[in-house]
Structures are given as C-alpha cells and as structure tokens.
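Novice: Predicted model follows, preceded by the sequence.
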Amino acid sequence: MKTVFARTPTLKDCPTHYCPGCGHGIAHRLIAEIIDEMGIRDRTIGIAPVGCAVLAYNYLDVDMIEVAHGRAPAVATGMKRTNPGKIIFSYQGDGDLAAIGTAEIIHAAHRGEQITVVFINNAVFGMTGGQMAPTTTLGQVTATTPKGRSAAREGYPLQIAELLAILPGAAYVERCALSGPARVRKTKGAIRHAFELQAEGAEGLSLVEVLSPCPTYWRMPPAKAMEWIESEMIKVFPLGRLKG
Amino acid sequence: MCGNEALAEAAIIAGCDAYFGYPITPQNEITAYMSRRMAEEGRVFVQSESELAAINMVFGASATGKRAMTSSSSPGISLMQEGISYLAGAELPAVVVNVMRGGPGLGNIAPSQADYFQATRGGGHGDYRTIVFGPSTVQEVADCMQLAFDLADQYRMTAVVLADGFLGQMMEPVVLEKKPGRKLPPKDWALTGAKARPQNIVRSLWLPEGSLEELNHKLQAKYDRVQADEVVCEQYDTEDADVVVVAYGVAARIARSAVNKARHEGIRAGLIRPITLWPFPTEQISMAADELRIFLTVEMSNGQMVEDVKLAVNGKAPVLFHGRPGGGVPTVEEILERIRQLSIPRRVRTA
C-alpha cells in the first residue's frame, strides 16, 4: 500500500488541548511541515507565548521556550544575536503581540532582528475567557465588550501588519487566513517564505499575521467561524503581502 | 577605573557572551563601556527599548546556554522583576547589576541601599531567591563578577550585584585578572536545536496538580545548598568587641572608619560585613551574638538589612539601627557617636 499522506515528524503524535474548530492546530501543523521540508529541525528554536498556545511545545517537537506575556520578540533577540546560525521563531497571539507586547514587536522589527514571527489573530483573548483584544472588530461582543466593541469607548481594531510594514527593519510582512484549504495553502507559503528569508540570512524581521478562527469565544459553530473570517475579519484586516 | 567600568571589564573577563541594557543614571558608564568593548571582543551588545526587554533578552540568550547579563538602577530593576521571576521559575542563570539610587518612585540619583528587600527577597512574584552580592570597594565589585557568573551557572539562578551610585562612580585602583573559575556542570538543558537528542523545553508553567509544588521544593532544596555553602562575610575586630556594627557596601566603608576611631578612643568596636547579602551570614552573626554584645546595623535606608540581623541574633542581644534614607549618607561622626553611646552601658556592666 502506498502512503499518500502522513503526519509530519515534527508534529507530535498526540491530541491537542485546543477547542474544536480552533485554528492553532492548523497553524502548528503548517510550521511543523515547513520545518521538516526545510530540514531545519536540529537548528530551530521556537518561542511559545502566554495564551492558548502556551503549551505549543507539547505539539511541536523542536527546542522550545515559554516566555512572559508579550516578551517573545525580546527573548528571540537575545537568542538570535547570540546564535546567528540558528532559526528562531516566535508564535504569538493577539493579546500577546498586539496588546501587552507591542513595544517588543515594534522594536524587534525596528532593529531589524533576523527572526520569524507567526502572529495568530483571532480577534479575542482565548485563554482568559474571551475578552476584547486590540484586534477585536467593531461591534464584536466579547466578555469585556458585552454591548459590542465601540470605537468611542474601546478604540478601533489594531492593524499590526500595516503598522510593522512601514518599518525599514521589517523585511517581510504578509497577512493570511485559515478560512478554507486555498487560504491555508497560501498561509503555508507565506510562513515558509518567512522561514526561508531567515535561513538565507535576509536582513530584517519577517512576520506573517494569520487570521484564525475561535469558535468558542466567537460563540458560533466551527464552520460559521470560518465564514465569519471571510465576511467580517478580512474587511478589517485585508489579506496580502504588505512588505517584501 | 570607576566601579561601573571595572565591573563591565570584569564581566568580559568572566566570559560574558552578551550584554543587554537600557540607559539609566547612575550606571550609564556600564552601557557605554559595553557598547565599545563587547564589539571589540566580537560579542553581543544590544541597547534595548526598555528594562523589560533587556531582561528578556538575557532570558533568551541564557536559555541557549550563553553567559548573559544586564545592568540598571533601582527603577529599572523594578521593571525587570517579571523577568527575574521567570528566570527563577525556568532555572536559567543570569547576572543582574543594580547600581542603586534613592527611591521610591523616580527618587533621585544619589547613592542608596534601599533595594535590599527587593534583591534579597527575590523581588518579583513567587517563592524564589536570587544570590546577592554587596561589595564595598571597586576591586570587590570587579571580583564579584566572575563569582556571580560562576554561581549563576552552578545553581542555575540569577546573581545580583548590588552596588550603589558611589561604588559605580568612584575611581580606585583595581587589578583585573582572570581567576580560575569553578568546575561547572554541563548545560545539557540549553536550547541549541534538537540535534541527535530529544527536544529540550525551558518553561515555568506547571499546571498538573502538585507539579508546581514539586518544583518549588526542588528550588528550595537548591536555595538551602546555596545558604549552606556560599556565604561570604568579613569580620573585622569583632573578637573582643562590645559593639558590633553590621554594614555592607559603601555604608561598611564608613562604618569601618568609625570602628577604627572608636578603637582609638578605647572603645571595643568591631564590624561584621556581609559580602553575600543572600545567602545572609546568619550563622556568623548568631555566633557573634553568643557573647554579651550590642549590635548596630548601619544602612543607607530606613532599615532593611537590620531585619536579617535581628533574625540572626534572635533575641540574644540588642540590635539597634542607624540609617540615612533617600540618598542620604551616614557620616563617620554620626556612626561614631552611636558607638560611643552604645558602649557606655557595657562599660558600666563590666565595671
């Protein structure tokens, strides 16, 4: 019998703690496949965020570290500067990167750190119970915006990819989505490009923002969550390559 | 050389691979010196965007097995406490220099010893310790650096060098040389890429019931070993002393002069000078308290180390305090006057 599809070795053979329909599982698998395809497992170090993906090291079979909330780009800086030959990536959610860690991501990009950032934007704080994130859309109901996010009260959704793309130190910035097989394939290509740029020693930071479903805290079934990315999120967070 | 530059060069001699820091007075000579010298040595220097970032850069470099340090002064060290707590939880080595200034808040830029509690109690959240040095001369500041890196690696802990604005700025002759280091365990826990070995994970999150309690017991056992093996303390003229002054850092220099003057006046005074503030010389002070004596703790604060002295003395002798907070510095005359006052009852008793 011929095997046409198999689990990629860097993705551990175990169930995850993620909710049904969550995007993290897809994003993890893409990263694992890319690491295996590029043959860089033995020189890759990953950084897990604080948030739902804090246990990413239970699923990705590479050397990994768990760091304080939002500080991953600073930790990555310390790793990469002292180990220029290694491939350093951080995996961060929107609370981690777009709220508490804005200073660290902006300054890592501003210094042109040669690291790769996978930024999972699901418009909500997942781990703590579905509170508003900086990326929550206007009108979106969350645990801390019970009447829906209002621009007057809570400000507008924060567009991280656009913000970073203007910095000379950012080598590559692209926004993708996980809403459908074609989008997932495109996301994989973008993350792979981000890893390749680092492996080639390209000057500057590479970041892929990934619009990802959170059916639990969007209060909708998984299929509906995929549709919500297409109908609502992409309007606020347009897809495409913003830099590089 | 000034203390700040001496400690920076001593760190380079001790094999510091990476320095990360953010400017703050009165320690700016360290960042400036490191920016030049680390580049000359082909090592890493990064001026971070904040102290939060600096300690997390240390966290990252240390996790890969490199020797990393940062330096700052009191307000900046407060910002680093999150990272120092994570370093403790993840059992990563690090060296942090605090050139203390007056507080609270933005305070001032005068020398101070008001961060003693913060340094010796861990400083951040959770049940942990850091190894803390309180050197009192530029030479000793420099000598502490290699020991700080060695102990940090040996115990996988943060070592804090607690200097102050005086020590950082004062110029003294100093001999800088590589001393034979300790034999250290291999860093087989480091993140170097999982090459021909299983994945390494550096973490401080322990969710399953009992697992964090187990980690804390393990950390405590390590701290007990440090307390048993690593105390460094100087005793000066204490043998026959009626009045024992306890002081560290710059306050101990001033106290020593007061003790010398007291001896000239025929008062039997002595000095116990903790060089490691944690582990604290509890046993040495407790033994000194077995004789009939009075203790006088002198600090550039409203009284922090005095609590450790009282714990060590444990009611066996009176423990008094003389201090100057907010950047104030006790004078030799002030301390001498206190010694004179305290020596009277003993003289009466012995007569």
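Specialist: The structure has been received and is ready for your questions. Every value quoted in this text rests on a predicted model; they were computed, and no experiment measured them.
Novice: Quickly check: stretch A:3-16 near chain B or not.
Specialist: No: judged by CB under 8 Å from any CB of the partner chain, stretch A:3-16 and chain B are separated, with a smallest distance of 8.9 Å. (C-beta placed from N, C-alpha, C; glycine too.)
Novice: Let me know the pLDDT of whatever residue of chain B ends up closest to chain A.
Specialist: Here the residue of chain B nearest chain A is residue B:60; by CB to the nearest CB that distance is 2.9 Å. Looking at residue B:60, its pLDDT reads 98.
Novice: again with residue B:112
Specialist: 97.
Novice: Tell me who's in contact with it.
Specialist: Counting by CB atoms under 8 Å, 6 or more residues apart in numbering or on different chains, residue B:112 makes contact with B:74, B:100-103, B:164-165, B:300-301, B:325-327.
Novice: ok, and the closest non-adjacent residue to it?
Specialist: residue B:102 (4.4 Å; CB to CB, 6 or more residues apart in numbering or on different chains).
Novice: give the contact list for the one you found.
Specialist: Contacts of residue B:102 by CB under 8 Å, 6+ apart are B:74, B:108-112, B:114, B:325-327.
Novice: Kindly report the same for residue B:19.
Specialist: Residue B:19 makes contact with B:8, B:11, B:34, B:38, B:43-46, B:68-71, according to CB under 8 Å, 6+ apart.
Novice: Check for me that it belongs to a strand.
Specialist: Yes: according to DSSP: H, G, I helix; E, B strand; the rest coil, the state of residue B:19 is that of a strand.
Novice: The nearest residue to it once chain neighbours are set aside in helix, strand or coil?
Specialist: The shortest distance from residue B:19 to any non-neighbouring residue, by CB to CB, 6+ apart, is to residue B:34 (4.3 Å). Recorded secondary structure, residue B:34: helix (three-state DSSP).
Novice: so who does residue 94 touch?
Specialist: Just going to use chain A. When contacts are counted by CB under 8 Å, 6+ apart, residue A:94 touches A:119-125, A:133-135, A:160.
Novice: nope, chain B please
Specialist: Here residue B:94 is in contact with B:55, B:58-59, B:62, B:68-70, B:84, B:87, B:152, B:158-159 (CB under 8 Å, 6+ apart).
Novice: what do you get for residue B:276?
Specialist: Residue B:276 makes contact with B:131-134, B:230-233, according to CB under 8 Å, 6+ apart.
Novice: before we move on, what about residue B:34?
Specialist: Contact partners of residue B:34, counting by CB under 8 Å, 6+ apart, are B:8, B:11, B:19, B:21, B:45.
Novice: Kindly report the same for residue B:222.
Specialist: Shown in contact with residue B:222 (CB under 8 Å, 6+ apart): B:155-157.
Novice: Likewise for residue A:242?
Specialist: Contacts of residue A:242 (CB under 8 Å, 6+ apart): A:161-162, A:165, A:173-175.
Novice: Are we agreed that it is in a helix?
Specialist: No: using three-state DSSP, the secondary structure at residue A:242 is strand, not a helix.
Novice: Excluding chain neighbours, give the residue nearest to it in space.
Specialist: In space, residue A:242 is closest to residue A:165, 3.8 Å off (CB to CB, 6+ apart).
Novice: Return the closest of the contacts of residue B:112 with respect to residue B:340.
Specialist: residue B:300 (21.3 Å; CB to CB).
Novice: distance of the closest residue to residue B:299 other than its chain neighbours from residue B:344?
Specialist: Nearest residue to residue B:299, sequence neighbours excluded (CB to CB, 6+ apart): residue B:323, at 4.6 Å. As judged by CB to CB, to the nearest Å, residue B:323 and residue B:344 stand 21 Å apart.
Novice: Pick out whichever of the two has more residues nearby.
Specialist: Counting neighbours by other CB atoms under 10 Å in any protein chain shown for residue B:323 and for residue B:344 shows that residue B:323 has the greater number, 20 against 11.
Novice: you'd agree that one is up against residue B:302?
Specialist: Yes: using CB atoms under 8 Å, residue B:323 is in contact with residue B:302, at 5.6 Å.
Novice: Chain A contacts on chain B?
Specialist: Residues of chain B found near chain A (CB under 8 Å from any CB) are B:17-18, B:20, B:44, B:46, B:48-50, B:52-54, B:56-64, B:66, B:68, B:82-83, B:86, B:90, B:191-196, B:199-205.
Novice: hmm, back to that, make JSON lines out of the contacts of residue A:94 and add secondary structure.
Specialist: As requested, these are arranged in JSON lines below (three-state DSSP):
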{"residue": "A:119", "secondary structure": "strand"}
{"residue": "A:120", "secondary structure": "strand"}
{"residue": "A:121", "secondary structure": "strand"}
{"residue": "A:122", "secondary structure": "coil"}
{"residue": "A:123", "secondary structure": "coil"}
{"residue": "A:124", "secondary structure": "coil"}
{"residue": "A:125", "secondary structure": "strand"}
{"residue": "A:133", "secondary structure": "coil"}
{"residue": "A:134", "secondary structure": "coil"}
{"residue": "A:135", "secondary structure": "coil"}
{"residue": "A:160", "secondary structure": "helix"}
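Novice: from these, which is closest to residue A:202?
Specialist: Taking CB to CB as the measure, residue A:202 lies nearest residue A:119 of the contacts of residue A:94, at 18.4 Å.
Novice: quick revisit: looking at the contacts of residue B:112, which are in helices?
Specialist: The helices, defined by DSSP state H, take in B:74, B:165 from the contacts of residue B:112.
Novice: now the contacts of residue B:112 as TSV including pLDDT and distance to residue A:93?
Specialist: Below are these laid out as TSV (pLDDT from 0 to 100; distance: CB to CB, whole Å):
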residue	pLDDT	distance to residue A:93
B:74	97	33
B:100	97	37
B:101	97	37
B:102	95	40
B:103	95	35
B:164	92	41
B:165	91	41
B:300	98	45
B:301	98	42
B:325	96	44
B:326	95	43
B:327	94	43
